[in-house]
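Undergrad: sequence and predicted structure below; questions after.
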Amino acid sequence: MTVSPTPTRLAIDPDRLLRTLEELGTIGRQPSGAIRRLAFSAEDVEARARVRTWMEEAGLAVRVDPAGNMIGRLEGRRPGTGALATGSHIDTVPSGGLYDGALGVVAGIEVARTLSEAGMRLEHPLEVIVFADEENTMVGCKSMVGHAPERPEEYRTNVGEPIQTCLERIGGCWERRPTARRERGEIAGFLELHVEQGGVLEAVGKQIGVVEGVVGQQRYSLAVEGQANHAGTTPMEMRRDALATAAQLILAVQDMALHFPGDPVATVGRLQVWPNAANIVPGRVEMTLDMRDLSHDVIDHMRAHLQRKIENIAVATRTRISLDPVFVVDPTPASAAIQEVIVDSCRSLGLSFTHLPSRASHDAQEIGRLTAMGMIFVPSQGGVSHSEQEYTSPEQCAQGVQVLLESLVRLDRQLD
């Protein structure tokens, strides 16, 4: 397999990239083929040790900050300048795949290997970062920005142990975690390569996704209070059916997301019904609502629109409906300048591209609150992710890493 070089005639080694990715994928692999590498687990610790070795072999000086982030650094030619950073995470969901997060980490190492082998240094330092626990607490990236919860009881780790114990296991330190915060200017820009985890690139036939930003999220709990009653003896016109009312709400949410300006998504993902019996009219329903868009205003307007719908439906069905917030995450726009650099890189490499939002959370979402951020997507076959079936071809992986290298070199030249 070959890939086009950068203007400096640097080209990654696609075969080495694939070998590294596959070797990382052996850690935590289950008989089903899924990868289970929960943050702070024995598998996570083993994988971090392997990655550290690769970083050091690539010429990176490696440290672990108090929040558990592993940072490999290749010094630049100009002392005192902010670093260009890249990276992602290597922890997985309980039944994950080969590419989510891991590709971005291996990509950063391959970029460092390529630069070191060519005897080339960027003007800025290069940092390759393995963020701690992206899939759950996001303690790594949030601590680096200074947005992480301050009380240990606010963390629920996937391994069921206190966050203090977990951080110590990977070389961090809870008491010193606030010192993991980076100051503005320490990182001049951040680029994350990631699999799309959706089907847009495949559907439009493009090789690279230039991410416009990571969407904001607002999550709510909805409760419908009707009246439980005998399913056989209660006439239809006398019912206060909480489940039938919930069905109206679900359709209202779907219709709103389909027709609202912009490109939002809205999902009712969980329902609980009481008393949940075949011969009883449902008396209460609880459900979750998740709304996402690149614009905070769009999500706010959707919530206000839905509140009016709720009031009308409640009156028509003689039920009580409550809408309570669970959490809010602000959107993070990608830097326009970095998007332009990625576009220029794709054009120079002869790769097709399209702009699209990221509707999933990433470490870049938090780091983008600290510095200029950009993301590069490569296709996910069938749009599948968080599954052993997720797949991005070796050629697509290599194309993404070559775009990352090209973009970092170009950005290094453009930044003051």
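TA: All right, it came through fine.

Undergrad: in stretch 300-307, which residues are buried?
TA: Buried residues in stretch 300-307, counted by 16 or more other C-beta atoms under 10 Å: 301-303, 306. To be clear about C-beta, it is placed using only N, CA and C from the backbone, and glycine gets the same treatment.

Undergrad: looking at those residues, which is nearest residue 375?
TA: residue 302 (24.2 Å; C-beta to C-beta).

Undergrad: state the helix or strand in which that closest one lies.
TA: helix 296-317 (DSSP states H and E).

Undergrad: could you name the helices and strands sitting against that helix?
TA: Packing partners of helix 296-317 (3 or more C-beta pairs under 8 Å, 6 or more residues apart in numbering; DSSP states H and E): strand 216-225, helix 242-259, strand 284-293, strand 320-329.

Undergrad: nearest to residue 399, of those?
TA: strand 284-293 (27.5 Å).

Undergrad: out of the helices and strands packed on helix 296-317, which comes closest to residue 113?
TA: That would be strand 320-329 among the helices and strands packed on helix 296-317, by C-beta to C-beta, at 34.6 Å.

Undergrad: pairing partners for the helix or strand just after that closest one, with directions?
TA: Counting by DSSP H and E, the next helix or strand C-terminal to strand 320-329 is strand 332-333. Looking at strand 332-333 with DSSP bridges, its partner strands are strand 208-214 (antiparallel).

Undergrad: contact partners of the partner strand?
TA: If you take C-beta atoms under 8 Å, 6 or more residues apart in numbering as the criterion, strand 208-214 is touched by 196, 200-201, 294, 331-334, 339, 342-343, 346, 351-358, 360-362, 364-365, 368, 374-379, 399-400, 403.

Undergrad: strands - which of those residues land there?
TA: 332-333, 353-358, 374-378 (DSSP state E).

Undergrad: which member of those residues is positioned nearest residue 318?
TA: residue 357 (39.9 Å).

Undergrad: wait, the closest one touches residue 265, no?
TA: No. With contact defined as C-beta atoms under 8 Å, residue 357 does not reach residue 265; the gap is 9.7 Å.

Undergrad: just give me the neighbour total for the closest residue to residue 86 other than its chain neighbours.
TA: Spatial nearest neighbour of residue 86, excluding adjacent residues (C-beta to C-beta, 6 or more residues apart in numbering): residue 108 at 4.4 Å. Using other C-beta atoms under 10 Å, the number of residues around residue 108 comes to 31.

Undergrad: when you give positions from now on, start the count at 613
TA: With 613 as the first residue, the last one maps to residue 720.

Undergrad: contacts only, for residue 720.
TA: By C-beta under 8 Å, 6+ apart, the neighbours of residue 720 are 684, 698-700, 740-741, 805, 1016.

Undergrad: which of the helices or strands spans it?
TA: helix 714-729.

Undergrad: how many degrees apart are that helix and strand 985-990 in direction?
TA: 100 degrees (axes from the mean of the first three to the mean of the last three C-alpha atoms, to 10 degrees).

Undergrad: and helix 714-729, what's buried?
TA: 714-728.

Undergrad: list just the nearest of those to residue 636.
TA: Using C-beta to C-beta, the buried residues of helix 714-729 come closest to residue 636 at residue 714, 5.5 Å.

Undergrad: can I see the domain layout of this protein?
TA: Domain assignment for the chain by automatic domain parsing gives 626-827+945-1026, 829-941.

Undergrad: need the distance between the two termini of the shortest one.
TA: Looking back up the chat, that one is domain 829-941. Domain 829-941 has its terminal residues 5 Å apart, counting by C-alpha to C-alpha, to the nearest Å.

Undergrad: before we move on, what about the longest one?
TA: Across domain 626-827+945-1026, the terminal residues are separated by 27 Å (C-alpha to C-alpha).
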